[in-house]
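A.B. asks: below are the sequence and a predicted model; questions follow.
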Amino acid sequence: MEAVMYTHDYRQTLVTDVIAQFPAQRVFILTDTQVGALYLKQTVAALETTDREIHTMTVPVGEGSKSLATYEQISQALADAHFDRHDALVSLGGGVIGDLGGYVASTYKRGIAFIQVPTSFTAQVDSSVGGKTALNLGSQKNVIGTFYQPVTTIIDSQFLDTLSTRNLLEGYVETIKMSLLAGGDFAALTATISTPGEILDHRDALIKASIDYKTHIVAGDFKDFGQRKFLNFGHTLGHAIELADPDLMHGEAVGIGMFQLAQLLMPIEIQAAIRERLTALGLPLSSQYLGTVAFYDNLLNDKKVAGSTIDLVVLPVIGQPAIQTMPLTEFKTLLQSAN
């Protein structure tokens, strides 16, 4: 697994503990318009003290940037600046920037050094760790991608201070997911949290527990053929809802996906555990798009569908996830009967 560095000064860590330790002469910083407005200038200023040649690109915020067109623009910029395999790409942003930057780094000249500086809660607890990269193909999410480990992932929880409440909460859903999969003290902690302020009060413990659980799972199944599938808890229905409902953020859709699947296939105690954690923070349990034609079309394109069956992550007991494989027609009938 990649190294994860915890810090409250990402610039110092990036300069002293990462860039200074390997021979990159050129560093490319990829960010988006939202994060760039807050952090790009100060990040460049810090890296300029290393006497490296610094290049930057800012792409539009949102999933639309995880495209082949944007990938080509970034790759061309690297080539025009004569980046070689000794140089480095830094992703400064949330999950979209991490996925996009990772895919570019993994494929440009068959792989250059990749450094993650995740700025969103979702990215810090989930997408920046584990080595998955991705691009979207039209409306299909994460269809193109690689497995490629960053040199390091720098976790600075102070980034969370500039998130909106909604962005904080949608990222926290991934932490809820991890805690229910892990069980124990981690699940007990998320059961006590009912306000955004309490999330921030416990941010360092929540982030570390999430990363510890994910790295443990991924270490035993890097290519996602076995236990790593547990991390898809809530995502099968969540992705289908997210793509159909333009008003939902990713974490909100995952929360709905967890709860709706629990209502269909899991014990009442699990349903209650999910409901209590989500409703305490005003997070949604359903969507008007659940059960629509668009929802079912998205479900059919999900990567957990294999031929005529679908793999579903269920939770018979907190801390003991399992994979339940069902015929797709049976699952669709189950969904329709519930809606």
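C.D. replies: Noted; the coordinates are in hand. Numbering: from 1, shown residues only.

A.B. asks: from residue 142, how far out is the nearest residue to residue 136 once chain neighbours are set aside?
C.D. replies: Spatial nearest neighbour of residue 136, chain neighbours left out: residue 66 (4.6 Å); criterion: C-beta to C-beta, 6 or more residues apart in numbering. Every C-beta, even on glycine, is put in place using the N, C-alpha and C of the backbone. Look at residue 66 and residue 142: by C-beta to C-beta, to the nearest Å, they are 8 Å apart.

A.B. asks: which element is residue 312 on?
C.D. replies: Secondary-structure assignment from DSSP states H and E places residue 312 in strand 309-317.

A.B. asks: what about the helices in the stretch 101-250 of the chain?
C.D. replies: Counting by DSSP state H, counting those that start in this stretch, the stretch 101-250 of the chain has helices at residues 121-122, 165-182, 184-190, 196-201, 203-219, 235-244, 250-265.

A.B. asks: please identify the most buried of the ones you listed.
C.D. replies: helix 121-122 (a mean of 28; mean count of other C-beta atoms under 10 Å).

A.B. asks: which helices and strands sit right next to it?
C.D. replies: Judged by 3 or more C-beta pairs under 8 Å, 6 or more residues apart in numbering; DSSP states H and E, helix 121-122 is in contact with helix 165-182.

A.B. asks: run the chain-centre distance for the helix it packs on.
C.D. replies: Here helix 165-182 is found 11 Å from its chain centre; the criterion is C-alpha atoms, centre = their mean, to the nearest Å.

A.B. asks: same deal with stretch 127-143?
C.D. replies: Centroid displacement of stretch 127-143 relative to its chain, using C-alpha atoms, centre = their mean, is 9 Å.

A.B. asks: for it, buried residues please.
C.D. replies: For stretch 127-143, the neighbour count (16 or more other C-beta atoms under 10 Å) marks 127-136, 141-142 as buried.

A.B. asks: contacts only, for the nearest residue to residue 228 once chain neighbours are set aside.
C.D. replies: Nearest residue to residue 228, sequence neighbours excluded (C-beta to C-beta, 6+ apart): residue 221, at 4.1 Å. Neighbour list for residue 221: 227-229 [criterion: C-beta atoms under 8 Å, 6 or more residues apart in numbering].

A.B. asks: I'm done for today, thanks for sticking with me.
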